[in-house]
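Peer 1: Task: produce atomic coordinates for the following.
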Amino acid sequence: MSLDPALRSRIESLLQANRVVLFMKGQPGMPQCGFSAKASGVLEDLGVEYAHVNVLADAEIREGIKVFGSWPTIPQLYIDSELVGGSDIIEQLAASGELSQLLGLPAPDRTPPQVTVTEAAADKLRGALADAGNAALSLAIDARFQPRFQIAPRSDSAIAVETQGLRIQFDPASARRANGITIDWVDDVRGQSLAIDNPNAPKPVQAINPAEADRQVRSGELVLVDVRPADERAIASVAVAHRTFDGDGRAELEALPKDTRLAFLCHHGGRSGCRAAEEFRGKGFSNVFNVEGGIDRWAGEVDGSVPKY
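Peer 2: Numbers count the residues shown, from 1 in each chain. Sure thing, here's the model as predicted:
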């Protein structure tokens, strides 16, 4: 299949304007498929600046990029206008350190993490690996500190921990996030499963009522972020200092120290809690709050002059 010259020119212009480009489904803060989430997560872990193209928003690019690089799937990573590959290749190159080398970054820290495995967990894991041949347990911990266990081929180049007769392998980012973890086996009313106690994980998003949020904003203890679009804010807005995602607002928030106390506000508390607050928690912010009931409850309990809509 040939590529329309105008579309080829569009793609080439994108690649020439940006050293690192990820063609993905969705956006880094809200990927629309698991493979795109993994690919963007690797780049976020490395701290590299990259351009992203949401192929779901551009049908021409979505099909054209597959022809351009003779690569049939999304995501696709390009560095210096050269195709690197999809999510599996990106993860493999990141684990080996080759991706850092391609990007001109320092070699990743490959220090094995400190890991404790309880006897109950070790017994279950040894049983699972007994018929797997020359295999190891792979543990990935994503940016939201969600663990993913897999049985994987033993790799002498992987970052690995040997304990309790087990070999546990990590990619560099997961190794950093895993330092100090305890792996246990739980058997209770919730069922049977492996459980990880990770001291590095940010605290869950916490609820804060509008009156307390108002008090803390006024005292300078809290940064309030109104995640609603401009048209909604024009209808009703709080009368205290707050930030938005408009313009460079999101980037400026992401640049704040990770221990900054952030509270997110929307109409009724759904968008701010389930999306924005969790997104920033996933980026490593350790004090993240959701304003319960949103601006609707704020109008009823803090400032009656704020219109309800």
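
Peer 1: Verify the contact between residue 135 and residue 152 for me.
Peer 2: Yes. If you go by Cβ atoms under 8 Å, residue 135 and residue 152 touch, sitting 6.5 Å apart. Every C-beta, even on glycine, is put in place using the N, C-alpha and C of the backbone.

Peer 1: Can you tell me what sits against the helix or strand containing residue 211?
Peer 2: Following DSSP states H and E, one finds residue 211 within helix 210-218. By Cβ atoms under 8 Å, 6 or more residues apart in numbering, the surrounding residues in contact with helix 210-218 are 208, 222-224, 238, 240-242, 261, 263, 265, 289, 291-293, 297-298, 301-303.

Peer 1: Going by neighbour count, list what's buried in it.
Peer 2: Within helix 210-218, the residues scored as buried using 16 or more other Cβ atoms under 10 Å are 210, 212, 213, 214, 216, 217.

Peer 1: cool, and stretch 4-22?
Peer 2: In terms of neighbour count (16+ other Cβ under 10 Å), stretch 4-22 has its buried residues at 7, 10, 11, 14, 15, 18, 19, 20, 21, 22.

Peer 1: Secondary structure added to the residues you listed, as JSON lines?
Peer 2: Formatted as JSON lines, the buried residues of stretch 4-22 follow (DSSP: H, G, I helix; E, B strand; the rest coil):
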{"residue": "7", "secondary structure": "helix"}
{"residue": "10", "secondary structure": "helix"}
{"residue": "11", "secondary structure": "helix"}
{"residue": "14", "secondary structure": "helix"}
{"residue": "15", "secondary structure": "helix"}
{"residue": "18", "secondary structure": "coil"}
{"residue": "19", "secondary structure": "coil"}
{"residue": "20", "secondary structure": "strand"}
{"residue": "21", "secondary structure": "strand"}
{"residue": "22", "secondary structure": "strand"}
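
Peer 1: re the thing from before, C-terminal to the helix holding residue 211, what's the next element?
Peer 2: The element immediately downstream of helix 210-218 (helix or strand, assigned by DSSP H and E) is strand 223-226.

Peer 1: which helices and strands does the next helix or strand after that next one pack with?
Peer 2: For strand 223-226, the succeeding helix or strand toward the C-terminus, using DSSP H and E, is helix 230-235. Packing partners of helix 230-235 (3 or more Cβ pairs under 8 Å, 6 or more residues apart in numbering; DSSP states H and E): none among the helices and strands.

Peer 1: What are the contacting residues of helix 230-235?
Peer 2: So helix 230-235 is contacted by 226, 244, 246, 267, 307, 309 (Cβ under 8 Å, 6+ apart).

Peer 1: what is the mean pLDDT for the helix holding residue 211?
Peer 2: Taken as a whole, helix 210-218 has a mean pLDDT of 97.

Peer 1: Residue 240 and residue 224 touch, don't they?
Peer 2: Yes. With contact defined as Cβ under 8 Å, residue 240 reaches residue 224; the gap is 6.6 Å.
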